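Undergrad: I would like to see how this sequence folds:
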Amino acid sequence: MKLTLEQIRALIHGAVTVEESADGKFSFCRFTASQKAAYEPGKNITTQVPATAGMRLEFVTDSDTFSFDYLARSASSRRYYYFDVYLDGVMVKHFGHKDVKAVASTLTVKLPEGVHTVAVYFPNLFSVQISKVTVDDGATVEPVQKSCRMVCYGDSITQGYDAVYPSRSYVNQLADKLNADVIDFGIGGEVFRPELVTRELDFEPDIVTVAYGSNDFTKKKSREDMVRDANEFHARARAAYPNAKIFAVTPVWRYDGEKITAVGSFADAVRIAYDAAAAQPGVVVVDGSHMTPHSVDYYYDGLHPTDSGFSFYANALYAAMKPHLNQK
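TA: Residues are numbered from 1 along each chain as shown. A predicted model of the protein is given here:
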């Protein structure tokens, strides 16, 4: 039985829009039209907009098999992609390729007898189109309902650089801990960009996380520019999400934090990010310097956490958020 566009829209998490082409391919986007317009066409950063970071198909089924064809294309500076498949909360398949720019293939999962919850985490650093999404004829397929909604703003670390297992990005780990439906607005190389905060999003979040500042420190911004952009971003976020719990994460440790840039020292950049968030009522500021080990062993390149580094990040952020949330 082939699933329809309406069914795919009900089963996908993390996509703002889902479209079906004339040849039956489903495409997903995590940004609104105005957010995409905030990026200048042709710039390297725009290649990352189509990435399926934070997206997953999640459903309950009694089917014996589940399958789809896919086309994966690079949407970052990295040349690897993987899918993670979970069955009732346990990973049962990790599938993809490295040293590639584009791959067309099929993902097939055999399921044990009975009713099970299936989650297929999409690549964070590639874009994915899928087609011929099938379950057994006569099988039931039901959406999974989440307890809350969350949006995550940030740079490459929020997008998922460099988790090999997409389910291990801090956004996906945090969403699982909170049982949240999440939209990941992370973009590699991103800075505080106030125009990304938009009221047109048809998704009212209970939780908002903001994690910028590291690239503001290195992108030849002046100190005045960073102060202005950070303050305007947080002011817009507070106004756009008046009922949400907002958590601002200051920049995490980086291997070259001793250098001096136009912003000043790395400590200066962290203080700017902290002060901008703290100036808004009800925003909880989380100290990023305590969230990951200060060791290159937990980073791919001294900047982006590995899978194990992301576990430290996700656990620390969840622990910092939990006292402020109405959760057991």
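
Undergrad: which residues does A38 contact?
TA: Listed by C-beta atoms under 8 Å, 6 or more residues apart in numbering, the contact set of A38 reads 193, 195-196. Every C-beta, even on glycine, is put in place using the N, C-alpha and C of the backbone.

Undergrad: Sorry, wrong one. I was asking about D64.
TA: 110-111, 113, 136, 139.

Undergrad: So for it, what's the pLDDT?
TA: Among the per-residue scores, D64 shows a pLDDT of 97.

Undergrad: hang on, the earlier thing: and the contacts of A38, which are buried?
TA: 193, 196 (16 or more other C-beta atoms under 10 Å).

Undergrad: so which of the contacts of A38 comes closest to M55?
TA: Among those, L196 lies closest to M55 (C-beta to C-beta), at 18.2 Å.

Undergrad: you'd agree the closest one is up against I183?
TA: No. L196 lies out of contact with I183 (C-beta atoms under 8 Å); the separation is 11.9 Å.

Undergrad: tell me the pLDDT at the closest residue to V164 other than its chain neighbours?
TA: Leaving aside its sequence neighbours, V164 sits nearest to D307 (C-beta to C-beta, 6 or more residues apart in numbering; 5.9 Å). For D307, the pLDDT comes out at 97.

Undergrad: how about the closest residue to N231 other than its chain neighbours, what does it touch?
TA: Using C-beta to C-beta, 6+ apart and skipping residues adjacent in sequence, the residue nearest N231 is A276, 4.6 Å away. Contact partners of A276, counting by C-beta under 8 Å, 6+ apart, are 192, 227, 230-231, 233-234, 248.

Undergrad: Max pairwise distance over the residues you listed: which two?
TA: V227 and A248, at 14.8 Å, using C-beta to C-beta across the contacts of A276.

Undergrad: between these two, who's got more neighbours?
TA: Neighbour totals were compared for V227 and A248, and A248 leads with 26 against 18 (other C-beta atoms under 10 Å).

Undergrad: Against which helices or strands is the helix or strand encompassing that one packed?
TA: According to DSSP states H and E, A248 maps onto strand 245-249. On a contact count with 3 or more C-beta pairs under 8 Å, 6 or more residues apart in numbering; DSSP states H and E, strand 245-249 meets strand 207-211, helix 223-240, helix 266-278, strand 284-286, helix 307-321.

Undergrad: Reformat these as a markdown table; add distance to K36.
TA: Converted to a markdown table, these look like this (distance: least, C-beta to C-beta, whole Å):
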| stretch | distance to K36 |
| --- | --- |
| strand 207-211 | 19 |
| helix 223-240 | 17 |
| helix 266-278 | 25 |
| strand 284-286 | 28 |
| helix 307-321 | 27 |
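
Undergrad: Y80: which of these is closest?
TA: helix 307-321 (12.7 Å).

Undergrad: can you give me the angle the closest one makes with strand 207-211?
TA: 130 degrees (axes from the mean of the first three to the mean of the last three C-alpha atoms, to 10 degrees).

Undergrad: Could you list the residues in contact with helix 307-321?
TA: Contacts for helix 307-321 (C-beta under 8 Å, 6+ apart): 157, 163-165, 168-170, 173-174, 177-178, 207, 209, 245, 247, 249, 252, 284, 286, 290-293, 298-299, 305.
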